[in-house]
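Enquirer: Pasting a predicted model and its sequence here:
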Amino acid sequence: MVPLSYYLILGGILFGCGVCGFLIKRNIITIFMSIELMLNGVNLTFVAFAAHWGRLSGQIFVFFVMVVAAAEAAVGLAIIIAVYRTRETLNIDRVNLLKL
Amino acid sequence: MLHLTLFLVFGAVCVAGAINLLVQRHPISSALSLIAVLASLAVEYLLLGAEFVAAVQVIVYAGAIMVLFVFVIMLLNAGEEERTQGSRVAIFVGIPGMLLGAVLLAWVLLQHSGTASAQVGALPGSPENIAWLLFHEFLLPFEVTSVLILIAILGAVVLCAKPETPSTRPGKEG
């Protein structure tokens, strides 16, 4: 039997790592992976609360979060490819203007 | 006791992978450590009785999405990250502040959920139950997500398509 708070703390740690990665990383792909890490931290809390309250709705919501994450990954990586084509760099410090 | 041991082992793998993602400088190393995080999270879902979510986590997240990431990293030939200098205030204020916040959050959570515990296996999370709920109560959101996926596919194709008139500048291609 694992207390609910352990799951919440683990989810919080994952979310915090994602926020740190989003802020300190300079590679645009790694920043995108940090966003996925944040989504996973939230998913863990959803599943933990679903098990705690005995409602399956939390797991349904995790399903929707995964769908949105997949759509976001597809569109975001397409944007990254488009940015790389015009700038030829992946460093976000060099992508500081929307228009060339 | 077995559950707690499994939780601690795979939670440690999770946290180690997340920290490794921050420390590594090459994107492919970060992607591989993210796969480790996602796979061990699937075990945590299994411990909570969410079989369907664990399977989808492995198939969709650790499978499809991460393959997409690795494919793009290799397609763009992403190299080592360049080192840029951040501000000193961020280091001297941000790290202690972050640690303080984490300790406070953990303390509050441990205080307020004394006897509350996640009943392992008490919740039916099999694909059958999920499907019943998904196709009865959540039918409209489910259909809306299919439209969302369609729009995402179209958007990805439009964004990645080559421009109609290729640039005449030499040395740009390839």
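Expert: Received, thanks.

Enquirer: Return the distance of residue B:28 relative to residue B:76.
Expert: For residue B:28, the distance to residue B:76 equals 11 Å [C-beta to C-beta, to the nearest Å]. C-beta here means a position set from N, CA and C on the backbone, and glycine is covered the same way.

Enquirer: Need the pLDDT of the nearest residue to residue B:26 once chain neighbours are set aside.
Expert: Spatially, and ignoring its direct neighbours in sequence, residue B:26 is nearest to residue B:80 (5.5 Å; C-beta to C-beta, 6 or more residues apart in numbering or on different chains). Looking at residue B:80, its pLDDT is 80.

Enquirer: What about residue B:80, how many residues nearby?
Expert: 11 (other C-beta atoms under 10 Å in any protein chain shown).

Enquirer: Over to residue A:76?
Expert: Neighbour count of residue A:76, defined by other C-beta under 10 Å: 23.

Enquirer: For the strand or helix carrying it, buried residues please.
Expert: Using DSSP states H and E, residue A:76 falls within helix A:57-87. Applying a neighbour-count criterion of 16 or more other C-beta atoms under 10 Å in any protein chain shown, one finds A:58-64, A:66-67, A:69-80, A:83-84 buried in helix A:57-87.

Enquirer: which of those residues come close to chain B?
Expert: A:59-60, A:62-64, A:66-67, A:69-75, A:77-80, A:84 (C-beta under 8 Å from any C-beta of the partner chain).

Enquirer: hang on, the earlier thing: just want to know which of residue B:28 and residue B:76 has more residues nearby.
Expert: Using other C-beta under 10 Å, the more surrounded residue of residue B:28 and residue B:76 is residue B:76, with 20 against 15.

Enquirer: Just to check, that one is in contact with residue A:85?
Expert: No - with contacts defined as C-beta atoms under 8 Å, residue B:76 does not count as touching residue A:85, sitting 9.5 Å away.

Enquirer: quick one: the residue nearest to residue B:26 is in a helix?
Expert: No - according to DSSP: H, G, I helix; E, B strand; the rest coil, residue B:80 belongs to no helix; its state is coil.

Enquirer: Was I right to think residue A:58 contacts residue A:49?
Expert: Yes - counting by C-beta under 8 Å, residue A:49 is a contact partner of residue A:58 at 5.4 Å.

Enquirer: Indicate each strand paired with the least confident helix or strand in chain A by mean pLDDT and its parallel or antiparallel sense.
Expert: One helix or strand of chain A scores below all others by mean pLDDT, DSSP states H and E: strand A:2-3, with a mean of 82. Next to strand A:2-3 in the sheet, as set by DSSP bridges, lie strand B:117-118 (antiparallel).

Enquirer: show me what contacts residue B:19?
Expert: residue A:17 (C-beta atoms under 8 Å, 6 or more residues apart in numbering or on different chains).

Enquirer: export stretch B:90-106 as CSV, just CAs?
Expert: Provided in CSV are the C-alpha atoms of stretch B:90-106 (Å, rounded to 0.1, in the frame of the first residue of the first chain):
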residue,chain,number,x,y,z
ALA,B,90,18.9,32.9,-11.4
ILE,B,91,21.5,30.6,-9.8
PHE,B,92,21.7,32.2,-6.4
VAL,B,93,18.0,32.9,-6.0
GLY,B,94,16.4,30.3,-8.2
ILE,B,95,18.0,27.1,-6.9
PRO,B,96,17.4,27.8,-3.1
GLY,B,97,13.9,29.0,-3.9
MET,B,98,13.2,25.9,-5.9
LEU,B,99,14.5,23.6,-3.1
LEU,B,100,12.5,25.6,-0.5
GLY,B,101,9.3,25.3,-2.6
ALA,B,102,9.9,21.5,-3.1
VAL,B,103,10.4,20.9,0.6
LEU,B,104,7.4,23.0,1.5
LEU,B,105,5.2,21.2,-1.0
ALA,B,106,6.4,17.7,0.2
